[in-house]
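> got a predicted model here, sequence first, then my questions.
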Amino acid sequence: MAENKQISYLNKDFSSFRQQLIEFTKTYYPESYNDFSPSSPGSIFIDMASYVGDTLSFYLDTQIQENFLQYAQQESNIFSLAYMMGYRPKITSAASVKITIQQQVPSKLVGGVYIPDFDYALKIQENLQLSANVGSNQSFLIADNVDFSFSSSLDPTSVSTYLVSSGVPERFLLTKTRNAISAQLQTTTFTFGANEQFATRDINANNIIGILDITDSNGNTWYEVDYLAQDVVFDSVKNTNTNDPNFSSDISDTPYLLKLKQADRRFVSRFIDNDTLQIQFGSGVVANNDENIVPNPDNVGLGLPFEKDKLTTAFSPSNFIFTDSYGIAPSNTTLTVRYLVGGGTVANVQSNTITTISNKNAKVSFLSNNLTTATAQDIFDSLQVTNLEAAYGGGDGDSLQEIKQNSIAQFQSQLRTVTQDDYLVRALSLPSQYGSIAKVLAQPSQVNTTPLTDKNAAVIDLFCLAFDNNRKLKTPSLALKNNLKTYLSQYRMIGDTVNIKNGYIINIAVDFDIIVLPNYNSNEVIVKCINALQGYFDINKWQINQPIILKDLYILLDKVIGVQNVKNIKITNKAGVSAGYSAYGYDIEGATVNDIIYPSLDPSIFEVKYLNSDIKGRVVSY
C-alpha cells in the first residue's frame with residue numbers, strides 16, 4: 001500500500017518551493033539521496049522543479065487577477081470587463097463648434113423692390129467635410145444638410161446686403177449656422193456569404209469615434225443597439241401634418257417626433273483595444289425569425305423548453321419569450337459601413353481657422369438648373385465657411401485607470417432611472433431635434449396618497465418647462481411632452497409611473513435704489529448694477545422651486561464699484577399674456593418671509609423675462 005505523503009499547497013515562490021522539495025526528499029527518501037549541496041545533481045532537478053512551480057504559480061495568479069476589473073492590467077481584458085459592467089470606453093472625444101456658412105446671391109427686381117434671387121441658393125448635402133488651416137490639419141464634419149432657400153425659426157437664413165452699385169443692391173449675403181464635430185468620414189465594406197451566427201468584423205483605425213451608419217446591398221439600414229436582445233430602437237420622423245396631424249402645430253419647438261421602431265436588422269459595436277472596433281451581428285435568418293412572436297401562455301408561461309416548474313423562473317423583460325435570433329444575421333450581401341474618426345485635444349482649434357471645404361464639388365449644388373453659367377460659377381465660388389468661436393470639447397480617450405473607475409460607477413446605474421435625480425438628468429438629455437427641456441423638477445406625486453404617507457414614491461411627477469426661440473421660458477408643447485414620454489419609456493423602472501406636467505412661470509421685475517460714492521458717474525454705476533443683476537437672473541442659472549434671497553441681491557449690488565449703499569430692492573410681479581408675460585399672477589409680498597421670496601406650492605420658477613427693461617435702478621440721496 002502506497003505511503004500517504006504530506007504535501008504543502010501553500011508555496012508560491014521559487015525559494016519556498018525549493019525548501020519544501022528539500023524537506024520532502026529528506027523526509028521520504030533519506031537513504032536514496034542526501035547530497036543537497038548547490039553543485040549536486042539532485043539540486044539541479046530540485047531547482048528546475050522549483051522554477052516550473054514558481055512560473056506556474058505566477059501565471060495562475062496573473063490569470064485570476066485579470067478576471068477582476070480593479071486588478072486587471074491587460075488592455076483587452078480591461079475593455080472586455082468594462083463592457084460586462086455596462087460601460088463603453090471612450091477612445092477619443094470629438095470637439096464641437098458652431099460653423100457660420102455664407103453665400104452670395106444676385107438681386108432681382110420684384111414689384112419695384114430688389115430682393116435676393118433664391119434660384120441661385122445653394123443646397124449642401126449632409127456630411128460636408130471641412131478642414132482647419134492649422135498645423136495639425138484637423139477635419140470637421142457638418143452632419144446636417146443646408147438649404148439656403150429655406151428659413152424658419154429653428155433654421156433661420158439671415159439676409160443682408162452685400163454689394164451696392166449706384167444705390168441699387170447687386171448682391172445679397174445669405175448666412176446660416178450649423179454645428180460641426182471634429183471628425184472625418186471613413187467607409188469600409190464587409191462581404192457575407194452563407195448565414196453565420198453572431199458574425200463579427202473588425203475595423204482597425206486610430207481615434208475611432210463610432211459607427212455612423214450601416215447599409216446592405218439591398219438598401220436596408222442596420223441599427224446599432226446596446227445589446228442584441230434589444231429589438232426596439234428610437235426613430236425620428238419630421239413633425240408634419242402627414243406624419244401626425246395631432247402634433248403638427250407644435251413644429252416651432254419640436255421639429256421631429258420621437259417614435260419606437262422594431263429593428264430586426266441590428267448590431268452591436270465594442271472596442272477591443274484603442275485601435276480596433278468590433279461589430280457583431282445577430283444569429284437569426286430571414287426565413288426563421290421568431291422575434292415577432294406574440295406573448296401568450298404557450299410561449300411564455302407554459303411552454304418553456306427547459307423545465308416544467310414556472311414558479312421560480314426569472315423572466316427578462318428584454319427577452320422574456322426566449323427568442324433564438326437576437327436579430328437577423330447578414331447573409332449573401334455586402335454591408336457598407338460608414339464610421340467617424342478624429343477628435344482628441346488637438347481638435348480644439350482656435351476661432352476663424354476652419355475655412356476650407358474639402359468635398360465642395362461632391363456635396364454642393366444649386367436648387368435650380370436654369371441659371372446663367374458665369375453667374376452660377378461666381379456664386380458657387382462665393383460659398384465660404386468659418387468658425388467665429390473656438391472649437392472645444394475635444395479630448396483623448398480614457399486611460400486604463402479611468403476605464404476601471406467609470407465602469408464601477410456605470411455598473412451602479414445600468415442606465416435605469418431609479419432615483420428622482422435620474423429622471424431629472426434623463427429628461428434634460430432628450431436630444432434637441434425632439435424638443436428642448438429647459439427646466440425640470442422630479443418629485444413624488446402628492447395625489448392618491450395613503451393616510452400614513454403624504455407622498456407616493458412609486459408615482460413621479462415631472463414638472464417641465466421649455467425655451468421659445470428667444471430662450472424665454474414657456475410651457476412645453478404636447479408634441480414635446482409626447483417625445484419625452486416615449487424617451488422615458490425605455491429607461492423607467494417597471495414599477496414607476498411618470499406624470500409629465502407643466503411647471504409654472506412667475507415673471508418678475510426688479511427695482512433698486514442706490515447711493516453712489518462721490519466722484520463716480522451715476523449713470524455708469526447704474527449700468528454696472530443692472531449688468532450685475534442681469535447676470536444674477538440669467539435664466540440658465542435658475543431652477544424650478546428656487547427662492548429669491550434678497551440678502552444676496554444686496555450683497556451683489558454692494559460689491560459694484562461706485563456703490564456706497566443699497567437703499568432698497570423691490571421685486572414685483574409681471575403678469576398678463578397681452579403684455580408678453582405669464583398668465584399667472586403671484587403675491588410677492590405674501591410669499592416673502594425673512595427677506596426670502598419663496599415660490600408657490602405648485603412647482604414654479606422665477607423669471608425676469610425682459611432683462612433690458614424689467615430691471616431698473618435709480619440713484620437717491622441720503
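That came through, no problem.
> residues of stretch 10-24 that come out buried?
11, 14, 16, 17, 18, 20, 21 (16 or more other Cβ atoms under 10 Å). (Each C-beta comes from the backbone N, C-alpha and C, glycine too.)
> what does it contact?
For stretch 10-24, contacts defined as Cβ atoms under 8 Å, 6 or more residues apart in numbering pick out 5, 7-8, 36, 46-47, 49-51, 53-54, 57, 61.
> try 10 Å this time
For stretch 10-24, the surrounding residues in contact (Cβ atoms under 10 Å, 6 or more residues apart in numbering) are 5-9, 36, 42-43, 45-47, 49-58, 60-61.
> which of the buried residues of stretch 10-24 fall within helices?
When the buried residues of stretch 10-24 are checked against helices (DSSP state H), the matches are 14, 16, 17, 18, 20, 21.
> can you redo those residues as a markdown table with pLDDT?
Listed next are those as a markdown table, based on pLDDT from 0 to 100:
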| residue | pLDDT |
| --- | --- |
| 14 | 92 |
| 16 | 92 |
| 17 | 91 |
| 18 | 90 |
| 20 | 90 |
| 21 | 90 |
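> got the domain boundaries for this structure?
As given by automatic domain parsing, the domain ranges for the chain are 14-65, 92-182+343-386, 184-225+263-309+319-341, 226-262+416-502, 506-619.
> pick out the residue closest to the middle of this protein.
Nearest to the mean C-alpha position of the chain, counting by Cα atoms, centre = their mean, stands residue 429 at 6.6 Å.
> phi, psi for it please.
Per-residue torsions, residue 429: phi -90, psi 10 (degrees, to the nearest 10).
> just to revisit the earlier point, could I get the domains of the chain as JSON lines with distance to residue 392?
Shown next, in JSON lines, are the domains of the chain (distance: least, Cβ to Cβ, whole Å):
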{"stretch": "domain 14-65", "distance to residue 392": "39"}
{"stretch": "domain 92-182+343-386", "distance to residue 392": "6"}
{"stretch": "domain 184-225+263-309+319-341", "distance to residue 392": "16"}
{"stretch": "domain 226-262+416-502", "distance to residue 392": "18"}
{"stretch": "domain 506-619", "distance to residue 392": "17"}
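> before we move on, the earlier item: show me what contacts the residue nearest to the centre of the chain?
437, 487, 491 are the contacts of residue 429 under Cβ under 10 Å, 6+ apart.
> what bridges to the first one?
In this structure, residue 437 has beta-bridge partners residue 466, where bridges are defined by DSSP bridges.
> and residue 402, helix, strand or coil?
Secondary structure, DSSP: H, G, I helix; E, B strand; the rest coil: residue 402 is helix.
> count the neighbours of it for me.
12 (other Cβ atoms under 10 Å).
> and what of residue 222?
Close neighbours of residue 222, defined as other Cβ under 10 Å, add up to 24.
> swap in residue 77?
Residues lying near residue 77 (other Cβ under 10 Å) number 16.
> picking up where we left off before, of the ones in helices among the buried residues of stretch 10-24, closest to residue 159?
Using Cβ to Cβ, residue 14 comes nearest to residue 159 of these, at 82.2 Å.
> and the lowest-mean-pLDDT helix or strand in the chain, how far from the chain's centre?
Using mean pLDDT, DSSP states H and E, helix 400-413 stands out as the lowest-scoring helix or strand of the chain, at a mean of 81. Here helix 400-413 is found 17 Å from its chain centre; the criterion is Cα atoms, centre = their mean, to the nearest Å.
> coming back round to it: of the contacts of stretch 10-24, grab the buried ones for PyMOL.
Buried residues within these, by 16+ other Cβ under 10 Å, are selected in PyMOL with:
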select buried, resi 42+43+46+50+53+54+57
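> just the strands in the stretch 301-450 of the chain please.
Taking DSSP state E, counting those that start in this stretch as the test, the strands found in the stretch 301-450 of the chain are 333-342, 354-357, 364-366, 384-386, 395-396, 437-445.
> which positions within the last one qualify as buried?
What it means is strand 437-445. For strand 437-445, by 16+ other Cβ under 10 Å, it's 437, 438, 439, 440, 441, 442, 443, 444, 445.
> the third one too?
When neighbours are counted by 16+ other Cβ under 10 Å, the buried residues of strand 364-366 are found to be 364, 366.
> what's it packed up against?
Counting contacts by 3 or more Cβ pairs under 10 Å, 6 or more residues apart in numbering; DSSP states H and E, strand 364-366 packs against strand 122-124, helix 373-381.
> at 7 Å instead, please
Strand 364-366 sits against strand 122-124, with contacts defined as 3 or more Cβ pairs under 7 Å, 6 or more residues apart in numbering; DSSP states H and E.
> residues in contact with the strand it packs on?
Contact partners of strand 122-124, identified using Cβ atoms under 7 Å, 6 or more residues apart in numbering, comprise 103, 145, 146, 147, 148, 363, 364, 365, 366, 367, 383.
> among those, which lie within helices?
Using DSSP H, the members of the contacts of strand 122-124 that fall in helices are residue 363.
> filter the contacts of strand 122-124 down to the buried ones, ChimeraX style.
Selection of buried members from the contacts of strand 122-124 for ChimeraX, criterion 16+ other Cβ under 10 Å:
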select :103,146,148,363,364,366,383
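> now the contacts of strand 122-124 as TSV including distance to residue 418 and pLDDT?
Below are the contacts of strand 122-124 laid out as TSV (distance: Cβ to Cβ, whole Å; pLDDT from 0 to 100):
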residue	distance to residue 418	pLDDT
103	50	95
145	39	90
146	41	92
147	43	92
148	47	93
363	45	90
364	48	91
365	50	90
366	53	89
367	50	79
383	50	95
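> which one of the contacts of strand 122-124 sits closest to residue 202?
residue 363 (29.5 Å).
> now do the phi/psi pair for the closest residue to the closest one other than its chain neighbours.
The shortest distance from residue 363 to any non-neighbouring residue, by Cβ to Cβ, 6 or more residues apart in numbering, is to residue 125 (4.6 Å). Dihedral angles of residue 125 (phi, psi; degrees, to the nearest 10) stand at phi -70, psi 170.
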